[in-house]
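Engineer: pasting the structure only:
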Ligand SMILES: N[C@@H](CCC(=O)N[C@@H](CS)C(=O)NCC(=O)O)C(=O)O
């Protein structure tokens with residue numbers, strides 16, 4: 001089999017999904033770490049690999065593949081179909097969970113990650129060096145988010161909205177887990193891999209207490225955290241919560257989100 005090279009960052013949610021998939025499928029891979037704290041994703045060399053300057057990217061047979069969910073589908077094909085359940089409905093559900101993670105969960109993860117972790121990290125970089133690096137970002141929305149992380153005050157409202165979305169996400173998981181042992185089927189699948197990354201980020205953001213109101217999701221998260229592939233996906237960057245997170249501030253934000261209405265993002269699902 002041709003070598004699999006993964007361009008990734010240990011602390012990236014979407015990279016976590018791909019690492020966990022590789023571990024579940026027992027596929028050997030070579031790590032090409034892209035250090036996001038040094039903005040290695042914006043170097044001319046990496047922009048030839050991924051022109052949007054994002055991780056993960058995977059090189060296989062000389063070709064580069066991007067988008068974590070598409071990469072995971074490719075890996076499933078390479079491994080002969082494992083991680084996709086047997087029935088048509090179950091496979092459709094698994095893909096729907098992967099899309100949900102991409103379109104709802106990952107965008108909701110970004111504001112707390114920026115405000116609770118990246119702000120502190122960016123503060124350690126000299127302003128001139130930071131301005132020079134970030135001006136190279138090919139995606140204007142990402143560039144602006146980093147600039148906000150550096151200069152704007154803590155975006156309290158955005159973090160509370162994300163916490164409300166997290167709760168809605170767990171309510172959706174709870175409904176699925178009332179029907180079956182894993183999210184898409186009674187067997188573990190790509191759906192569980194995608195949503196495992198969400199659990200890991202909750203732990204990292206000091207928010208695992210949110211799971212307590214959802215017993216089936218909480219039990220699922222306990223099973224997920226016990227998997228060897230989960231630890232392998234975390235790799236060396238495995239301090240949970242992240243030492244940069246102000247856990248007292250998070251407790252206050254969770255209390256504030258408590259009892260607030262569901263978020264609009266959920267209406268599509
Ligand atoms: N939809 C893409 C999203 C990729 C993405 O946003 N990756 C983040 C890390 S989780 C990243 O590269 N951030 C660096 C940046 O925004 O500059 C995927 O799932 O692969």
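Structural biologist: It's in. Predicted, not measured: the structure shown is a model, and the values here were computed from it.

Engineer: What residues does the stretch 101-250 of the chain have near the ligand?
Structural biologist: Proximity of the stretch 101-250 of the chain to the ligand (C-beta under 6 Å from any ligand atom) is limited to residues 102, 137, 142. (Each C-beta comes from the backbone N, C-alpha and C, glycine too.)

Engineer: what does stretch 192-201 contact?
Structural biologist: Contacts to stretch 192-201, defined as C-beta atoms under 8 Å, 6 or more residues apart in numbering, come from residues 13-14, 16-17, 20-21, 24, 69, 72, 83, 97-98, 100-102, 105, 109, 113, 166, 169, 173, 182-184, 208, 211, 220-221, 224-225, 227, 230, 233-234, 240.

Engineer: From the chain's centroid, how far away is it?
Structural biologist: 7 Å (C-alpha atoms, centre = their mean, to the nearest Å).

Engineer: Between the residues of the stretch 101-250 of the chain next to the ligand, which sits nearest the ligand?
Structural biologist: Closest approach to the ligand among these (C-beta to the nearest ligand atom): residue 142, at 4.1 Å.

Engineer: Let me know the distance separating the closest one from residue 104.
Structural biologist: 18 Å (C-beta to C-beta, to the nearest Å).

Engineer: try residue 220
Structural biologist: 18 Å.

Engineer: since we're on residue 26, how many residues are nearby?
Structural biologist: By other C-beta atoms under 10 Å, 9 other residues sit near residue 26.

Engineer: If you could redo that for residue 227, that was the one I meant.
Structural biologist: 17.

Engineer: Find the nearest non-adjacent residue to residue 137, please.
Structural biologist: residue 143 (4.0 Å; C-beta to C-beta, 6 or more residues apart in numbering).

Engineer: mind checking how far the one you found is from residue 150?
Structural biologist: 11 Å.

Engineer: any residues in contact with both of those two?
Structural biologist: With C-beta under 8 Å, 6+ apart as the test, residue 143 and residue 150 both reach residue 134.

Engineer: so who does the nearest residue to residue 25 once chain neighbours are set aside touch?
Structural biologist: In space, and not counting its chain neighbours, residue 25 is closest to residue 79: 4.1 Å by C-beta to C-beta, 6+ apart. Residue 79 is in contact with 25, 26, 27, counting by C-beta under 8 Å, 6+ apart.

Engineer: Name the helix or strand for the closest residue to the ligand within the stretch 151-269 of the chain, please.
Structural biologist: The minimum distance from the stretch 151-269 of the chain to the ligand, using C-beta to the nearest ligand atom, falls at residue 197 (8.8 Å). Element membership of residue 197, judged by DSSP states H and E, is helix 190-204.

Engineer: And that helix, how far out from the chain middle?
Structural biologist: 7 Å.
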